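K.L.:
One predicted model, sequence on top.
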Amino acid sequence: MVPQSHHIGRVRVGRACCAALLALTFTTGCQPGMKRSSGSFGKEAVRAIWVTRWDYKTAQDIERVMDNCRVAGFNTVLFQVRGAGTAFYRSRLEPWAEELGGCDPGFDPLAVACQTAHRRGLKIHAWANIVPGFRGKVPPSDPKQLYHARASWFWRDKFGRRQPLGWYCSLNVCYPEVRRYLRDVMREIVVGYPIDGLHMDYIRFPNEHNKSYPEDATVPDYPRDARTLAMFHRATGKTPEQSPGAWTAWRTAQVTQLVRDIHDMIAQERPRVVLSAAVSANTIKAKRHHFQDAPTWLAEGLIDAAFPMNYAESALIFDVQLQSWLAMATPQPIVTGIMFDKRDPSLVAEQVARASAGGRHFAAFAYNSLFERLDDRGQPLYDEQSASRAALRRQVIPAVHRLAADRVPQRPVLLDRSANSYSP
């Protein structure tokens, strides 16, 4: 078994020559382990909200989103621009998202989001799903989509079969060229837009059981293609069966290397951009099952903030997970992710208060849990969740206002007639 190194830029494999070879393989333009003047959220506590790729279709939608976020008391918008190998901005590398019709919608969503957020005094962080390469029940129609254009980059099981369609189909980040590609996708966002931060999601192996597998099926131990197994054998002299621990550690190292590659790219291109990651609230399970090692990313300074997704409904579990992160006493902010969606407003308000105690930080999942989406005419799309949204607005938004008392108008905040935005 080969121990996982905590030295930046290499995986320790026992022999100096192999370590040097791996270090050369993993180098992406910056010196491994280089320190940068990291990005910063500033002195104000973070009150963030995730805005998903389904929450906007037009430039006017984005204007309304930013208005609602500002007046509701949030100061940071995590704006999704990459879901599964397609773009919500003008990309040279990836095709337009199918959610936008698969073609240029006549405006650049990320450019509009940056302009409208900054005009309102909001921080804008481009939110990107990293490892997923496609999501859909049928193959994409666009031949330029990664599912077709880079079919060999996707996970395969020991029989050579691809992941079943229906949920996220993932890229094999054990391949150096896949890591380089993802780094370059992130580069065009960082270089091309005046974002305040880059927010990484699904920066792990999304290998949990999901609806694309039969209920009683076991998810295959991805990736088991011949090339990946050969790479692992060269690094360790083992097969996964001979050393399951080394197999887990090696895959964890590949994910961490991808984080390092993106970190080093930002250090080279725009070092003041904040690099953050949405991560599991349970670090032990995340590392053991999904090969995500966020504590190491923080310890090595590879990310500027962690957003543990503390979505527990149990007050006890929520507090245990919250305290486990705060006990790390990292210099980087720990921004507690809180599930707003279809949750009891009293529970959400209490969790916001607990996460924010002592000037700490929180992030709301998600925008559509508070506000209605709009139809093509800009009218609210009411549904069975509308009553839940209204209840959350009535009880939780005042709690956010109290946290942002110095930044939000003090007059009572009332729903306007659309029941979709706030006006002081």
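P.N.:
Good, I have the coordinates.
K.L.:
ok, how many other residues are close to P176?
P.N.:
17 (other C-beta atoms under 10 Å). All C-beta spots, glycine's among them, are computed from the backbone N, C-alpha and C.
K.L.:
looking at this, S91 is in a strand?
P.N.:
No. Secondary structure assignment places S91 outside any strand; it is coil (DSSP: H, G, I helix; E, B strand; the rest coil).
K.L.:
so what's the residue lying closest to it once chain neighbours are set aside up against?
P.N.:
Leaving aside its sequence neighbours, S91 sits nearest to E188 (C-beta to C-beta, 6 or more residues apart in numbering; 6.2 Å). Each residue near E188 by C-beta atoms under 8 Å, 6 or more residues apart in numbering is listed here: 91-93.
K.L.:
List the buried residues for the helix or strand hosting E188?
P.N.:
E188 belongs to helix 176-192 when assigned by DSSP states H and E. By 16 or more other C-beta atoms under 10 Å, the buried positions in helix 176-192 come out as 176, 178-179, 181-183, 185-190, 192.
K.L.:
got it, and stretch 240-255?
P.N.:
Here stretch 240-255 shows 240, 243, 246-255 as buried, counting by 16+ other C-beta under 10 Å.
K.L.:
and that stretch, C-alpha only, in PDB?
P.N.:
Output of stretch 240-255 as PDB, limited to C-alpha atoms (Å, rounded to 0.1, in the frame of the first residue of the first chain):
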ATOM      1  CA  PRO A 240      -7.600  -2.600  -6.500                       C
ATOM      2  CA  GLU A 241      -8.400  -6.100  -5.100                       C
ATOM      3  CA  GLN A 242      -4.900  -6.400  -3.700                       C
ATOM      4  CA  SER A 243      -5.000  -3.000  -1.900                       C
ATOM      5  CA  PRO A 244      -8.400  -1.400  -1.600                       C
ATOM      6  CA  GLY A 245      -7.000   1.300   0.700                       C
ATOM      7  CA  ALA A 246      -4.400   2.300  -1.900                       C
ATOM      8  CA  TRP A 247      -7.100   2.300  -4.600                       C
ATOM      9  CA  THR A 248      -9.200   4.700  -2.500                       C
ATOM     10  CA  ALA A 249      -6.200   6.900  -1.700                       C
ATOM     11  CA  TRP A 250      -5.100   7.000  -5.300                       C
ATOM     12  CA  ARG A 251      -8.400   8.100  -6.600                       C
ATOM     13  CA  THR A 252      -8.600  10.700  -3.800                       C
ATOM     14  CA  ALA A 253      -5.200  12.000  -5.000                       C
ATOM     15  CA  GLN A 254      -6.600  12.400  -8.500                       C
ATOM     16  CA  VAL A 255      -9.400  14.600  -7.300                       C
END
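K.L.:
how far does it sit from the chain's center?
P.N.:
For stretch 240-255, the separation from the chain centroid amounts to 23 Å (computed by C-alpha atoms, centre = their mean, to the nearest Å).
K.L.:
cool, stretch 258-272 as well?
P.N.:
Here the centre of stretch 258-272 is set off from its chain's centre by 16 Å, with C-alpha atoms, centre = their mean.
K.L.:
Send over that stretch as PDB, restricted to the C-alpha atoms.
P.N.:
Extracted C-alpha coordinates of stretch 258-272, given in PDB (Å, rounded to 0.1, in the frame of the first residue of the first chain):
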ATOM      1  CA  LEU A 258      -7.600  18.500 -10.100                       C
ATOM      2  CA  VAL A 259      -8.300  21.000  -7.300                       C
ATOM      3  CA  ARG A 260      -4.600  21.900  -7.300                       C
ATOM      4  CA  ASP A 261      -4.500  22.400 -11.100                       C
ATOM      5  CA  ILE A 262      -7.400  24.800 -10.900                       C
ATOM      6  CA  HIS A 263      -5.800  26.600  -7.900                       C
ATOM      7  CA  ASP A 264      -2.500  27.000  -9.700                       C
ATOM      8  CA  MET A 265      -4.300  28.300 -12.800                       C
ATOM      9  CA  ILE A 266      -6.000  31.000 -10.800                       C
ATOM     10  CA  ALA A 267      -2.700  31.800  -9.100                       C
ATOM     11  CA  GLN A 268      -1.300  32.400 -12.600                       C
ATOM     12  CA  GLU A 269      -4.200  34.200 -14.200                       C
ATOM     13  CA  ARG A 270      -6.200  36.100 -11.500                       C
ATOM     14  CA  PRO A 271      -4.900  35.400  -8.000                       C
ATOM     15  CA  ARG A 272      -7.500  37.600  -6.200                       C
END
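K.L.:
Now do it, average pLDDT.
P.N.:
Across stretch 258-272, the average pLDDT comes to 98.
K.L.:
How about stretch 281-291?
P.N.:
The pLDDT scores in stretch 281-291 average 97.
K.L.:
Please identify the buried residues of that stretch?
P.N.:
Using 16+ other C-beta under 10 Å as the test for burial, stretch 281-291 gives 281-283, 286-287, 290-291.
K.L.:
which residues sit against it?
P.N.:
Outside of stretch 281-291, the residues within contact range by C-beta under 8 Å, 6+ apart are 204-208, 248, 251-252, 254-255, 279-280, 292-295, 308-312, 321, 324-325, 337.
K.L.:
I'd say D184 and E94 touch.
P.N.:
No. Using C-beta atoms under 8 Å, D184 is not in contact with E94; the gap is 10.3 Å.
K.L.:
Now the buried members of the contacts of E188.
P.N.:
Neighbour counting by 16+ other C-beta under 10 Å classes S91 among the contacts of E188 as buried.
K.L.:
Just name the closest of the contacts of E188 to E44, please.
P.N.:
Closest to E44 out of the contacts of E188 is S91 (31.8 Å), distances taken as C-beta to C-beta.
K.L.:
What residues does R343 make contact with?
P.N.:
By C-beta under 8 Å, 6+ apart, R343 lies in contact with 313, 369, 392.
K.L.:
same thing but at 6 Å, please
P.N.:
Applying C-beta atoms under 6 Å, 6 or more residues apart in numbering to R343 gives no contacts.
K.L.:
Now the spatially most central residue of the chain: phi and psi?
P.N.:
In the chain, the residue lying closest to the centroid (C-alpha atoms, centre = their mean) is D201, at 1.6 Å. Backbone torsions of D201, given as degrees, to the nearest 10, read phi -120, psi 160.
K.L.:
Quick check: it touching A278?
P.N.:
Yes. D201 lies in contact with A278 (C-beta atoms under 6 Å); the separation is 4.4 Å.
K.L.:
how close does A299 sit to L370?
P.N.:
Distance of A299 to L370, given as C-beta to C-beta, to the nearest Å: 35 Å.
K.L.:
Can you pull the phi/psi pair for the residue lying closest to C103 once chain neighbours are set aside?
P.N.:
Spatial nearest neighbour of C103, chain neighbours left out: W96 (5.4 Å); criterion: C-beta to C-beta, 6+ apart. W96 has phi and psi values of phi -60, psi 150 when expressed as degrees, to the nearest 10.
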